[in-house]
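Visitor: task: produce atomic coordinates for the following.
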Amino acid sequence: MFEDFGTNLERVRARIADACARSGRAADEVTLVAVTKGHPFEAMQVAREHGLTDLGENRVQDARPKLERIDADARVHLIGSLQKNKVNKAVGAFASIMSVDRDDLLERIDRRAGAIGVVQPIWIQVNASDEEQKGGCAPEQTHDLWSAALESGRTPPLGLMTMARFGADESELRSTFARLRELAAGLQDSAGRPAGLSMGMTDDFEIAVEEGATHVRLGTVLFGPRP
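Guide: You can find the predicted model right below:
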């Protein structure tokens with residue numbers, strides 16, 4: 001299973017390195033999050049065997065059985081939308097929750113983190129493409145959500161996350177990613193580190209890297225189509 005993963009990973013790393021070179025960045029500035037959602041646990045295993053630490057899952061109920069089996073050094077991020085009734089199962093289980101996009105969700109995460117005595121890192125998801133029906137806070141809400149997460153102390157914000165419109169051309173992709181980068185400008189964590197930028201997936205990650213992505217979330221290009 002996943003016999004082509006090693007070859008796929010080499011090609012992806014080369015494409016990331018080339019994109020970094022084109023934009024005057026070092027390849028180690030970009031973290032590859034291997035998206036294992038929809039795949040069996042073996043996808044996580046093969047990613048770890050090839051030296052990848054950061055993994056992405058979409059649904060709490062699908063991820064929990066995998067989390068019970070994965071090694072302690074893996075960092076599994078929840079990249080899909082989080083329903084309020086799944087907050088209790090998510091907080092403390094994931095290295096980060098990448099889809100925090102509204103006050104009430106942040107407050108629930110904060111309360112749960114306090115109740116069980118953990119710190120739960122989060123990312124603010126932004127609807128930088130202005131699509132109706134799409135997850136993410138409105139761009140103008142980003143600063144307030146970031147500030148609220150920072151003030152809590154239990155929900156340290158790591159950065160901003162977005163998804164570009166499916167099928168967008170290069171000009172639109174660059175506009176979407178640049179918008180997120182501009183929103184992140186000036187945002188820092190409690191230690192003064194700049195906000196990360198989680199943007200770019202299989203169809204657009206090279207452009208995202210050129211526009212400043214610090215994290216790219218890649219599934220199909222590594223593992224092939226989900227069953």
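Visitor: contact partners of the biggest helix by length in the chain?
Guide: Counting by DSSP state H, the longest helix found in the chain is helix 5-22. Applying C-beta atoms under 8 Å, 6 or more residues apart in numbering, the external contacts of helix 5-22 come out as 26-27, 29-30, 32, 46-47, 50, 52, 205-207, 209-210, 216, 218, 221-223. Heads up, the C-betas are built off the backbone N, CA and C, glycines and all.
Visitor: at 10 Å instead, please
Guide: Contacts to helix 5-22, defined as C-beta atoms under 10 Å, 6 or more residues apart in numbering, come from residues 2, 4, 25-32, 34, 43, 46-47, 49-52, 200, 202, 205-211, 213, 216, 218, 220-224.
Visitor: I'd like the distance between Ser23 and Ala63.
Guide: From Ser23 over to Ala63 the distance is 33 Å, taken as C-beta to C-beta, to the nearest Å.
Visitor: okay, those two: which has more neighbours?
Guide: Ala63 (26 against 14; other C-beta atoms under 10 Å).
Visitor: now do the SS call for the more buried one.
Guide: Classification of Ala63 by DSSP: H, G, I helix; E, B strand; the rest coil places it in helix.
Visitor: equivalent analysis for Val221, please.
Guide: Val221 - assigned by three-state DSSP - is helix.
Visitor: next up, the contacts around it.
Guide: Counting by C-beta under 10 Å, 6+ apart, Val221 has contacts Asn8, Leu9, Arg11, Val12, Arg15, Val35, Met201, Thr202, Asp203, Phe205.
Visitor: tell me how many other residues surround the fourth one.
Guide: For Val12, the number of neighbouring residues by other C-beta under 10 Å comes to 19.
Visitor: now swap in the fifth one and tell me
Guide: Neighbouring residues of Arg15 were enumerated by other C-beta under 10 Å; the total is 15.
Visitor: how close does it sit to Gly114?
Guide: With the distance defined as C-beta to C-beta, Arg15 ends up 42 Å from Gly114.
Visitor: the third one now?
Guide: Distance check for Arg11 against Gly114: by C-beta to C-beta, it reads 44 Å.
Visitor: residue ranges of the strands in this structure, please?
Guide: Using DSSP state E, the strands found in the chain span residues 31-35, 54-57, 75-78, 96-100, 122-125, 157-161, 196-198, 215-218.
Visitor: mind putting those strands into JSON lines with mean neighbour count?
Guide: Output for the strands of the chain, formatted as JSON lines (neighbours: other C-beta atoms under 10 Å):
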{"stretch": "strand 31-35", "mean neighbour count": "23"}
{"stretch": "strand 54-57", "mean neighbour count": "23"}
{"stretch": "strand 75-78", "mean neighbour count": "22"}
{"stretch": "strand 96-100", "mean neighbour count": "26"}
{"stretch": "strand 122-125", "mean neighbour count": "29"}
{"stretch": "strand 157-161", "mean neighbour count": "26"}
{"stretch": "strand 196-198", "mean neighbour count": "25"}
{"stretch": "strand 215-218", "mean neighbour count": "24"}
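Visitor: so which of those gets nearest Ala138?
Guide: Proximity to Ala138, assessed across these by C-beta to C-beta, is greatest for strand 122-125 (11.2 Å).
Visitor: by contact count, what packs against the closest one?
Guide: Applying 3 or more C-beta pairs under 10 Å, 6 or more residues apart in numbering; DSSP states H and E, we find strand 122-125 packed against strand 75-78, strand 96-100, helix 103-116, helix 142-152, strand 157-161, strand 196-198.
Visitor: this completes my enquiry, with thanks.
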